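1. Show me how the following folds:
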Amino acid sequence: MGDLQVVGGIKKLNNQNYNSWSTCMVSYLQGQDLWEVVNGSEVTQPEVEDPSGTLWKWKIKTPKEAGDMFAKLFSKKNDTRLQLLESELLSLAQRDMKIAQYFHKEKSLCREIFELDPQAPIGETRMKRIIIHGLKPQYRGFVAAVQGWQNQPSLVEFKNLLAGQEALVKQMGELCKKG
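-> Next up is the predicted model:
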């Protein structure tokens, strides 16, 4: 089933992948020395209409207009999807996920939001606040201590610190069971 989504090594265009699809297509067309035709700098109209007469039916007259139409149709923000993803991100909670899974889920949501709305990326500081908000209560003291540091850790460092704390909590739980 996954093979149906890729044609000639390029993912099929859909309503969620215009930006990456467009980048692949531009690279491919440049490699085939066809980009000048598509971007409109080299326009040669066919001299003879095809026998079926379908050429005159086209509203789009040049490959550039076709490319612009694709951009207009597929790069529109899908506001409903964007709102759904943002709601999911803001209500994200660790619950039974491990730290690594929780961070991965949050980063995946942020990536999807960015693909739908590249003009409004979610910065590392905001990502960290969202993560802290959804952490299990057992990490509050640790997070408060880290927030008191003069030099704040990056998101990756913060994830590693929390993963270390998670391992420590697990180890302490095992010791308590034995004792």
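
2. Strands of this protein, start to end?
-> Along the chain, the stretches classed as strands by DSSP state E are 6-7, 10-11.

3. Comparing those strands by mean pLDDT, which bottoms out?
-> Out of the strands of the chain, strand 6-7 stands lowest, with a mean of 59 (criterion: mean pLDDT).

4. how about low-confidence regions in the protein?
-> Scanning the chain for pLDDT under 70 picks out the ranges 1-11, 32, 34, 37, 40-61, 73-77, 179.

5. and it, what are its domains?
-> For the chain, automatic domain parsing gives the domain ranges 2-74, 79-178.

6. Kindly reformat those domains as a markdown table containing mean neighbour count.
-> Every C-beta, even on glycine, is put in place using the N, C-alpha and C of the backbone. Formatted as a markdown table, the domains of the chain follow (neighbours: other CB atoms under 10 Å):
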| stretch | mean neighbour count |
| --- | --- |
| domain 2-74 | 12 |
| domain 79-178 | 14 |
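
7. could you say what helices and strands the longest helix anywhere in the chain packs with?
-> Assignment by DSSP state H gives helix 155-178 as the longest helix of the chain. Counting contacts by 3 or more CB pairs under 8 Å, 6 or more residues apart in numbering; DSSP states H and E, helix 155-178 packs against helix 99-116, helix 124-134, helix 140-147.

8. Return the list of helices and strands in contact with the shortest one.
-> Think helix 140-147. Here helix 140-147 touches helix 155-178, going by 3+ CB pairs under 8 Å, 6+ apart.
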